[in-house]
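Peer 1: Dropping a prediction and its sequence here:
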Amino acid sequence: MKNIDKTGKGISIFEKEPTPGMVWDDTRVFLAVARHGTLSGAAESLNLGVATLSRRIERLEAALQLPLFVRQQSGYQLTEDGASLIEKAEALEVAAHAFASGAEQYAQVTGKVRLATAENLATGLILPALPAFHREYPDLAVELVTDIATANLHRRDADLAVRMVRPERGNVTLRRLGTLGYGLYCSEAYARRRHVEPDLGDYDRDDFITWSDMQSDLPAAQWMERVLHGRTPRLTTTSLATQVAATRAGLGLAVLPHFLAMDSGLICVATDLGIDQSIYLVIQSDLTQSPRVRVLADFLSDLVIRNRARLAGQG
């Protein structure tokens, strides 16, 4: 789209001085609607409300004094003027990303970031790797919250989380990193005392170590409940570390994450329990570009991805 200046020459609307009231970040909204064709699709990709998105498109059209879209029942279709501005808007997008990357590169990563995760991932995976992270970012303090029953990103109890339950609400972004696999395990001494071949599913004469009633919602606890058929387990605990220790002591069978059980030298009795869980990285949406949060998020993503096979019980 060209405007005519006093000399009669055409100038691009994105090359002239900003129109009063124009918000350059609205070009990001413009591109999202153009790419998705609907307000709902664009809103989901940007983590914005549909009403907010609609207002920002109207604001941009008013600032440019151009209709950018034809509103149809099936969605939003670019006008001729709108289509002519796509390339310019994409150039602004590239420039904005380059600016943000450059700023983050030179920013000193300091302060504190609060991470919520399960105790098994903290002790068995994250903490052993954390010294390398602190060597790279010595001025960044990490606060680790393992009581994730009380840590809720929706309430802003943490900046980011690595968890096995997909959030259903809250202004967060998430990424699936891998799978946490579970198996039924026992000690070598207990395995020698058993009179059943592995993986036959006959547990009538076995002793079990499981969770207390407070953790009855856990997949491992529910699997045990189905197998026990009302029988009393040998031992109930409130922590995974206690279950691993009890299993190593030969007190019975326990459902444990593969990577913890294998690290403890336990014997796998059964694998396909149907309770494997996805591992998600979850971040407060307004913190995704924060340098202190971004560096820890990248570290955690790389850590889980490098250990995917181990976490899934495949190596």
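Peer 2: Structure received. Numbers count the residues shown, from 1 in each chain.

Peer 1: what helices or strands is the host helix or strand of residue 185 leaning on?
Peer 2: Assessed by DSSP states H and E, residue 185 sits inside strand 182-186. Here strand 182-186 touches strand 254-257, helix 258-263, strand 267-270, going by 3 or more Cβ pairs under 8 Å, 6 or more residues apart in numbering; DSSP states H and E. Every residue, glycine included, has its C-beta placed from N, CA and C.

Peer 1: Buried deepest among those, which one?
Peer 2: Of all the helices and strands packed on strand 182-186, strand 254-257 has the most neighbours on average by mean count of other Cβ atoms under 10 Å, namely a mean of 27.

Peer 1: Relative to that strand, what are the paired strands and their orientations?
Peer 2: The strands beside strand 254-257 in its sheet (DSSP bridges) come out as strand 182-186 (antiparallel).

Peer 1: Just the CA trace of the strand it pairs with, in CSV.
Peer 2: The C-alpha coordinates for strand 182-186 follow below in CSV (Å, rounded to 0.1, in the frame of the first residue of the first chain):
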residue,chain,number,x,y,z
TYR,A,182,6.9,-47.1,35.4
GLY,A,183,7.4,-50.8,36.2
LEU,A,184,6.9,-53.3,39.0
TYR,A,185,10.1,-53.9,40.9
CYS,A,186,11.6,-55.9,43.7
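
Peer 1: Distance from the chain centre to it, please.
Peer 2: Relative to the chain's own centre, strand 182-186 is displaced by 26 Å; criterion: Cα atoms, centre = their mean, to the nearest Å.

Peer 1: would a markdown table of the helices and strands packed on strand 182-186 with mean pLDDT be doable?
Peer 2: Formatted as a markdown table, the helices and strands packed on strand 182-186 follow (pLDDT from 0 to 100):
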| stretch | mean pLDDT |
| --- | --- |
| strand 254-257 | 96 |
| helix 258-263 | 93 |
| strand 267-270 | 92 |
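
Peer 1: nearest to residue 232, of the ones you listed?
Peer 2: Closest of these to residue 232 is strand 254-257, at 15.3 Å (criterion: Cβ to Cβ).

Peer 1: Now tabulate the helices and strands packed on strand 182-186 in a markdown table and tack on distance to residue 95.
Peer 2: Listed next are these as a markdown table, based on distance: least, Cβ to Cβ, whole Å:
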| stretch | distance to residue 95 |
| --- | --- |
| strand 254-257 | 45 |
| helix 258-263 | 43 |
| strand 267-270 | 54 |
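
Peer 1: looking at these, which is closest to residue 300?
Peer 2: Among the helices and strands packed on strand 182-186, helix 258-263 comes nearest to residue 300, with 15.6 Å by Cβ to Cβ.

Peer 1: who does the closest one touch, helix- and strand-wise?
Peer 2: Applying 3+ Cβ pairs under 8 Å, 6+ apart, we find helix 258-263 packed against strand 182-186, helix 240-248, strand 267-270, helix 308-312.

Peer 1: gap between the two ends of stretch 224-244?
Peer 2: Stretch 224-244 has its terminal residues 16 Å apart, counting by Cα to Cα, to the nearest Å.

Peer 1: avg pLDDT for that stretch?
Peer 2: Average pLDDT, stretch 224-244: 92.

Peer 1: ditto for stretch 113-120
Peer 2: Regarding stretch 113-120, the rounded mean pLDDT is 91.

Peer 1: buried sites along it?
Peer 2: 113, 114, 115, 116, 117, 118, 120 (16 or more other Cβ atoms under 10 Å).

Peer 1: Can you give the contact residues for the strand holding residue 185?
Peer 2: 194, 219-220, 247, 250, 252-258, 261, 266-271, 273, 275-277, 313 (Cβ atoms under 8 Å, 6 or more residues apart in numbering).

Peer 1: Check stretch 41-60 too.
Peer 2: Residues from elsewhere that reach stretch 41-60 (Cβ under 8 Å, 6+ apart): 21-23, 26-30, 32-33, 35-36, 39-40, 68-69, 171, 173, 285.
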